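**Student:** fold the following and give me the result.
(one chain, ligands or ions: 1)
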Amino acid sequence: MKRRKVIQGLSTLPLIGSLPLSGARVAPKKKRDLIAELGIRSFINAAGTLTYMSGCIMHEEVVDTIENTSRHFCMIDEVQDKVGEKIAKLVHSEAAMVTCGAFSAMTLGLAGVLTGLDVRKVEQLPHLEDTGMKSEVICQKSHNERYNHAFLNTGCKVIEVETAEDVERAISERTALLHFLNITTNAGQIKHEEWVALGKKHNIPTSIDIAADVPPVSNLWKFNDMGFDMVFISGGKAMRGPQSAGILMGRKDIVAAARLNAPPRGFTVARGHKVNKEEILGMYVALEKFISGDHDREWKEWEAQIARIENAVKDLPGVTTKVTIPELGNITPTLTISWDDSIVKLTGRQLRDKLRFGSPSIEAGFSGLPLYYYQAGSDSIDPATEGTLKGANLIRVTAWMLQPGEDKVVARRIREELTGASGA
Ligand SMILES: *Cc1c(COP(=O)(O)O)cnc(C)c1O
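**Tutor:** Got it, this is the predicted structure:
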């Protein structure tokens, strides 16, 4: 304190520049740039919120929260208590906890249903045989996506059904949970309300995976209001929270039991599901910020950016453009650019690579298949889908992960490559 005062006093002297005062009045320290230092490729993200592309750019407020809270010790339980209470109010649930993603929320939530507050049961997971614990999750066939592996981690099996009668038949004393996947709502015969009613009728908890389903912001409370006992969502997609965070919202008794299965306690199945105070508080700030955001304005900005990219290429010979909005999941204006390959001599994959390895590097989506089929860098594609992609002359572009001004760069680069490959 004293030394600082002396230095501050000295700094007003005219001769300060010539005084050998090391450490005083130095220019702000330049931050270390690890991405440049290690030669890691960073890029303009015109593809979307994808885990393998590091998800999203966190809000500045989230980064500030992480930085500021990182300098203090707190009891993790107290952080979860306080944040859980706030989140629950915001999303109309009885309780909530921050998990390390939607997938983690699924494992932890189901673990909570299985164990209740019985510590002995917590220690027995994932071994369900002869423990008296339930062991099955029921799910519509079209809702049994790869993410349901989160349930298998507890030792449970997933039982597929198609009709309400199937559900009635499948329910037994082994049934732990009736699970619903929001993005495949239209593919299943049973819709939300009926699913919740089936759970209530048989006194079995119901859950829903809405991991990538904001916007609309109202989805944060819609399914809690509807009566689902658990709702799982990702924090590092459109909410722009930490990529390694998500939220379990739901019944008080289930969230309490889920927390018994989660760090900081124990050496049990969920020990690897650790979130620290920075992520818990960062997640809370991201949620708050998302709820209070101006969603209409943001949507209009996305539309304007997409229009700018579309207008840059739509008049090129052989090129067709179309803007669509997915009905469910990743709801954002999505531009598909396709072309006649007798005029533009490129495949979708070649254009994607030209953008990826060009300057600046740009990532775009390039097929009708979910983007998680592709591994960046290694270029490996699920062999089962490789064949269907050959000759797919299209790429897909979204604006929601673009930083200000990047839409112009994306527009220019795509136009350059399409023009360059054009034989017209
Ligand atoms: C992204 C996603 C998940 C996994 O979410 P994480 O937050 O990455 O754990 C689960 N289900 C669906 C439908 C998703 O889109």
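**Student:** residues in contact with H92?
**Tutor:** For H92, the contacting residues are 221, 224-225, by CB atoms under 8 Å, 6 or more residues apart in numbering. Quick note: C-beta positions are derived from backbone N, CA and C, even for glycine.
**Student:** what is the nearest of these to the ligand?
**Tutor:** Closest approach to the ligand among the contacts of H92 (CB to the nearest ligand atom): N224, at 17.5 Å.
**Student:** would R259 count as being in a helix?
**Tutor:** Yes. Under DSSP: H, G, I helix; E, B strand; the rest coil, R259 falls within a helix.
**Student:** that one contacts V83, correct?
**Tutor:** No. Here R259 lies out of contact with V83, judged by CB atoms under 8 Å, at a distance of 11.9 Å.
**Student:** so between the two, which is more surrounded?
**Tutor:** Remark: of R259 and V83, R259 carries more neighbours, 24 against 21, as counted by other CB atoms under 10 Å.
**Student:** state the pLDDT value of the nearest residue to the more buried one once chain neighbours are set aside.
**Tutor:** Spatially, and ignoring its direct neighbours in sequence, R259 is nearest to M97 (5.8 Å; CB to CB, 6 or more residues apart in numbering). M97 carries a pLDDT value of 98.
**Student:** could I get the full set of helices for the stretch 251-400 of the chain?
**Tutor:** Using DSSP state H, counting those that start in this stretch, the helices of the stretch 251-400 of the chain run over 252-261, 277-292, 295-313, 348-356, 383-389.
**Student:** distance-wise, check the closest residue in space to T320 that isn't next to it in sequence relative to G318.
**Tutor:** Leaving aside its sequence neighbours, T320 sits nearest to S338 (CB to CB, 6+ apart; 5.0 Å). According to CB to CB, to the nearest Å, S338 and G318 sit 9 Å apart.
**Student:** repeat for K191
**Tutor:** Relative to G318, K191 is positioned 42 Å away (CB to CB).
**Student:** who's in contact with T320?
**Tutor:** Shown in contact with T320 (CB under 8 Å, 6+ apart): 314, 337-339.
**Student:** quick one: contacts for the residue in the chain that the ligand sits nearest to?
**Tutor:** Residue nearest to the ligand within the chain: G101 (2.7 Å; CB to the nearest ligand atom). Counting by CB under 8 Å, 6+ apart, G101 touches 234-236, 244-246.
**Student:** quick check: E406 touching R308?
**Tutor:** No. With contact defined as CB under 8 Å, E406 does not count as touching R308 (10.6 Å).
**Student:** and the two? Which one has more around it.
**Tutor:** In terms of neighbours (other CB under 10 Å), E406 is the more surrounded of E406 and R308; the figures are 18 against 14.
**Student:** near the nearest residue to the more buried one once chain neighbours are set aside, how many other residues are there?
**Tutor:** Excluding the flanking residues, the one nearest E406 by CB to CB, 6+ apart is I44, at 4.8 Å. Applying other CB under 10 Å, we find 20 residues neighbouring I44.
**Student:** the one 4 residues further on now?
**Tutor:** A count of nearby residues for G48, using other CB under 10 Å, gives 24.
**Student:** check I159 too.
**Tutor:** Residues lying near I159 (other CB under 10 Å) number 17.
**Student:** which residues touch it?
**Tutor:** Counting by CB under 8 Å, 6+ apart, I159 makes contact with 136-139, 170.
**Student:** and those as TSV, adding pLDDT and neighbour count?
**Tutor:** Converted to TSV, the contacts of I159 look like this (pLDDT from 0 to 100; neighbours: other CB atoms under 10 Å):
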residue	pLDDT	neighbour count
E136	98	19
V137	98	26
I138	98	27
C139	98	26
A170	98	16
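**Student:** which ones, among those residues, also lie beside the ligand?
**Tutor:** Taking CB under 6 Å from any ligand atom as the test, the ligand is in contact with none of the contacts of I159.
**Student:** skipping adjacent residues, who's closest to G199 in space?
**Tutor:** Closest residue in space to G199, ignoring its immediate chain neighbours: T206 at 3.7 Å, by CB to CB, 6+ apart.
**Student:** cool, Q403 as well?
**Tutor:** I57 is the one closest to Q403 (CB to CB, 6+ apart), at 6.9 Å.
**Student:** run a quick neighbour tally on the one you found.
**Tutor:** When neighbours are defined as other CB under 10 Å, I57 has 13 of them.
**Student:** A36 versus that one, what's the distance?
**Tutor:** On the measure of CB to CB, I57 and A36 end up 17 Å apart.
**Student:** repeat for V255
**Tutor:** Look at V255 and A36: by CB to CB, they are 42 Å apart.
**Student:** between these two, who's got more neighbours?
**Tutor:** Taking other CB under 10 Å, V255 and A36 do not tie; V255 has more neighbours (24 against 9).
**Student:** show me what from the protein comes close to the ligand.
**Tutor:** Applying CB under 6 Å from any ligand atom, we find that the chain lies next to the ligand at 51, 101-103, 147, 183, 209, 211-212, 234, 246.
**Student:** any of the residues you listed buried? List them.
**Tutor:** The neighbour-count criterion (16 or more other CB atoms under 10 Å) marks 101-103, 183, 209, 211-212, 234, 246 among the residues of the chain next to the ligand as buried.
**Student:** coming back round to it: any idea how far A421 is from the residue nearest to T320?
**Tutor:** Distance, S338 to A421, using CB to CB: 14 Å.
**Student:** of all the residues in stretch 166-177, which ones are buried?
**Tutor:** 166-167, 170-171, 174-177.
**Student:** quick check: domain ranges of this structure?
**Tutor:** By the assignment in automatic domain parsing, the chain contains the domains 58-292, 295-422.
**Student:** buried deepest among those, which one?
**Tutor:** Greatest average neighbour count among those goes to domain 58-292 (a mean of 20), per mean count of other CB atoms under 10 Å.
**Student:** ok now it, how far from the chain's centre?
**Tutor:** Taking CA atoms, centre = their mean, to the nearest Å, one finds the center of domain 58-292 at 14 Å from the center of the full chain.
**Student:** wait, V62 touches G282, no?
**Tutor:** Yes. Under the criterion of CB under 8 Å, V62 makes contact with G282 at 4.6 Å.
**Student:** okay, E67: pLDDT?
**Tutor:** 97.
**Student:** and the gap between it and C100?
**Tutor:** E67 is 20 Å from C100, where distance means CB to CB.
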